[in-house]
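Student: compute the structure for the input listed below.
(one chain, ligands or ions: 1)
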Amino acid sequence: MARRNFNPRFDTVRPAGIAYCENPHDVSECLNFVRRFGLPVTPRCGGHSYTGASLVPGLVIDVSPMSAIRADAPSETATIGAGARLIDVYDKLSAADVSIPAGSCPTVGISGLTLGGGIGVVSRAHGVLSDNLRAIELVTADGRKLTCDAKNNSDLFWACRGGGGATFGVVTSFTFATHPTSEIVVFFLNWPWSAARSAIDAWQHSREPEYAASQIFTRPMDGTAIDTILAAVQRRGGLSGGGQGGIALDALGGAVNRVAPDATALVHRNGLFNAQITTTWTTDAPTDAIRAQQNWLRSLHAAMKPSASGQAYQNYADAGLTDWKQAYFGANYPRLLTVKNRYDPDRVFRIPQTVGTATK
Ligand SMILES: Cc1cc2nc3c(=O)[nH]c(=O)nc-3n(C[C@H](O)[C@H](O)[C@H](O)COP(=O)(O)OP(=O)(O)OC[C@H]3O[C@@H](n4cnc5c(N)ncnc54)[C@H](O)[C@@H]3O)c2cc1C
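Tutor: Next up, the predicted model:
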């Protein structure tokens, strides 16, 4: 059980060990150990990485015991242990009538979410989660404990706001600015399938006035692209293998785009929305059914390419991307590489698709 992540696709990865770290000193000891024996290493928080990046055949540094959550009213901040999950973050902070603009899945971990940016339903009002970060505590690959904020180790602080997990060190705690919350109304709107085309079109244009005010917005999809999505969703319904598939559209813009693309490592500051294509299957699905679902996903991805910007959100990691450096990090990649070379020159952290790795 201990090696199981959210996605059963990675159940076959067998770590040599999983170290449950209770404090930064434990993390430091783990890193000293893996450096001594040249073992692969990766941190783990909520275990929701799409590419299984928090599991390696070497040592997994599990930060989940560090999960204390403390709101501080005078400074309007909250300090959250790197192992906390969103359900507990929202729960604890709501007792103090505050919150942070995190994601929507209760079991996602605060670490992976923040380090890759963090998109949620209130991003347009408060920015991505990492825009709300005020400080982090981190253990570097060589075992040093550092505080990073706007004044101290500011290059690392910049890189940890969108540069991705398992890249510059192991974070042990985050301090965020908090936002007051009052009553929240949660609602779902449903349309008949026959109205799906106009619903998507109206949804994207409903934000047009705000976006249209700026030159940096990416264009809304045209009718042909919307039809492509709808046809693909219908096609997905006919595939075998169980599970479900579809495309989720997360609104961007607003406060997300009021931050300059080089102000933090998160470069995506001109998006109108983020489209996430997913497909799932049951554990007993035959190989050809799984392959057909994956082909479905790739063909929809390819069909949407002409309408899309070429950027991809690093927290929705896609192992099939060959141009991931550009897609995830764009013009910020060279600066991220400089930070990587400074804090992890020996590539102790070297999982695929992270800054400084040459592999896919
Ligand atoms: C069901 C589901 C819902 C999601 N919903 C959203 C959403 O609403 N918004 C959104 O933006 N994203 C969402 N995501 C994507 C999510 O943000 C990423 O998958 C994220 O990386 C998960 O973080 P984690 O800590 O749970 O995962 P993990 O697999 O534990 O970690 C992810 C990465 O961060 C590294 N890491 C973990 N802990 C640390 C640490 N302490 N220090 C340094 N590196 C660390 C890991 O090694 C790995 O590379 C969702 C994903 C899933 C599966």
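Student: going forward, measure contacts between C-alpha atoms and count neighbours the same way
Tutor: OK.
Student: what residues does the stretch 101-250 of the chain have near the ligand?
Tutor: 103-105, 108-113, 118-120, 165-166, 169-172 (C-alpha under 6 Å from any ligand atom).
Student: after the biggest helix by length in the chain, heading C-terminal, what element do we hit next?
Tutor: Counting by DSSP state H, the longest helix found in the chain is helix 287-304. As assigned by DSSP states H and E, the chain's next helix or strand after helix 287-304 is helix 324.
Student: buried ones in the next helix or strand after that following helix, by neighbour count?
Tutor: Per DSSP H and E, the first helix or strand lying C-terminal to helix 324 is helix 333-343. Using 16 or more other C-alpha atoms under 10 Å as the test for burial, helix 333-343 gives 333, 335-340, 343.
Student: circling back to that earlier point, now which of the residues of the stretch 101-250 of the chain next to the ligand would you call buried?
Tutor: For these, buried by 16+ other C-alpha under 10 Å: 103, 108-113, 118-120, 165-166, 169-172.
Student: so what's the backbone phi/psi at residue 192?
Tutor: Backbone torsions for residue 192, taken as degrees, to the nearest 10, come to phi -70, psi 150.
Student: surely residue 14 is within a helix?
Tutor: No: applying DSSP: H, G, I helix; E, B strand; the rest coil, one finds residue 14 to be coil, outside a helix.
Student: wait, it sits on residue 60?
Tutor: No: the criterion here is C-alpha atoms under 8 Å, and residue 14 misses it with residue 60 at 10.1 Å.
Student: same drill for the two, tell me which one is more crowded.
Tutor: residue 60 (22 against 15; other C-alpha atoms under 10 Å).
Student: run through the strands of this protein in chain order.
Tutor: Counting by DSSP state E, the chain has strands at residues 17-20, 41-44, 59-62, 69-72, 77-81, 98-99, 133-139, 145-149, 170-177, 179-180, 245-251, 273-279.
Student: how far away is the nearest residue to residue 175 once chain neighbours are set aside from the ligand?
Tutor: Among residues not flanking residue 175 along the chain, residue 79 sits closest, at 4.3 Å (C-alpha to C-alpha, 6 or more residues apart in numbering). In this view, residue 79 and the ligand are 14 Å apart by C-alpha to the nearest ligand atom, to the nearest Å.
Student: residue 79 and residue 23, how far apart?
Tutor: As judged by C-alpha to C-alpha, to the nearest Å, residue 79 and residue 23 stand 14 Å apart.
Student: ok, residue 310 next?
Tutor: 40 Å.
Student: do residue 338 as well
Tutor: Following C-alpha to C-alpha, the distance that separates residue 338 from residue 23 is 28 Å.
Student: residue contacts, residue 226?
Tutor: For residue 226, the contact set (C-alpha atoms under 8 Å, 6 or more residues apart in numbering) comprises 197, 200-201.
Student: make JSON lines from those residues and add neighbour count and pLDDT to it.
Tutor: Shown next, in JSON lines, are the contacts of residue 226 (neighbours: other C-alpha atoms under 10 Å; pLDDT from 0 to 100):
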{"residue": "197", "neighbour count": "14", "pLDDT": "87"}
{"residue": "200", "neighbour count": "17", "pLDDT": "80"}
{"residue": "201", "neighbour count": "15", "pLDDT": "80"}
